[in-house]
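K.L.:
how does the following fold in three dimensions:
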Amino acid sequence: LAAIEERQKAEAEFLTKEGSAAAAAKASEARRKVLHDSIQAQMAAETKIAAKKESEERLAMQMAANESHARADAQASKAKQIEEAQRARTEAIEAKKREDAIAAKAQAAAEEAAASAAVASAQR
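P.N.:
Model (predicted):
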């Protein structure tokens, strides 16, 4: 009877140690997942900030192009107006190209952030 009790006590101690190790491993994995999710969230926030900055830059360039075009039309004589208007239109076209490039970069960054978030979500 004493031997059976001693064996049961040893088994209980073993199971307690195994349970503690498993709990520690689960806690470690949970901390790793929280850290990973935090990093993913930070990356998404940084991408969003960068996209907003690019959008603001695009708006500023568009406003500058509009102001340039308006000044050219208002200041010049007929011949000079035609020349300045052509230059302003060229600048507006170039600004539009830059705006489109920035918009494409912002869209790609947003898609990358969404993909990162989806990967992080799928890993959970």
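
K.L.:
in this protein, which segments are predicted with low confidence?
P.N.:
15, 19, 23-24, 72-73, 75-79, 81 (pLDDT under 70).

K.L.:
pull the longest helix from it.
P.N.:
Scanning the chain for the helix with the most residues, using DSSP state H, yields helix 2-75.

K.L.:
report all helices and strands that the helix or strand following it contacts.
P.N.:
Scanning forward in sequence from helix 2-75 by DSSP states H and E, the next helix or strand is helix 78-123. If you count contacts as 3 or more C-beta pairs under 8 Å, 6 or more residues apart in numbering; DSSP states H and E, helix 78-123 packs onto helix 2-75. (Each C-beta comes from the backbone N, C-alpha and C, glycine too.)

K.L.:
and the angle for the helix it packs on with helix 78-123?
P.N.:
Using axes from the mean of the first three to the mean of the last three C-alpha atoms, to 10 degrees, the inter-axis angle of helix 2-75 relative to helix 78-123 is 170 degrees.

K.L.:
hang on, the earlier thing: chain center to the longest helix of the chain, what's the gap?
P.N.:
Chain-centre distance of helix 2-75: 11 Å, with C-alpha atoms, centre = their mean, to the nearest Å.

K.L.:
give me the helices and strands touching that helix, please.
P.N.:
Using 3+ C-beta pairs under 8 Å, 6+ apart, helix 2-75 sits against helix 78-123.

K.L.:
give me the neighbour count for A113.
P.N.:
If you count neighbours by other C-beta atoms under 10 Å, A113 ends up with 20.

K.L.:
M43 too?
P.N.:
Quick note: M43 (other C-beta under 10 Å) scores 15 neighbours.

K.L.:
buried residues, stretch 37-54. List them.
P.N.:
40, 44, 47, 51, 54 (16 or more other C-beta atoms under 10 Å).

K.L.:
dump the residues you listed to JSON lines, plus distance to E84.
P.N.:
Converted to JSON lines, the buried residues of stretch 37-54 look like this (distance: C-beta to C-beta, whole Å):
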{"residue": "Q40", "distance to E84": "50"}
{"residue": "A44", "distance to E84": "45"}
{"residue": "T47", "distance to E84": "40"}
{"residue": "A51", "distance to E84": "34"}
{"residue": "E54", "distance to E84": "29"}
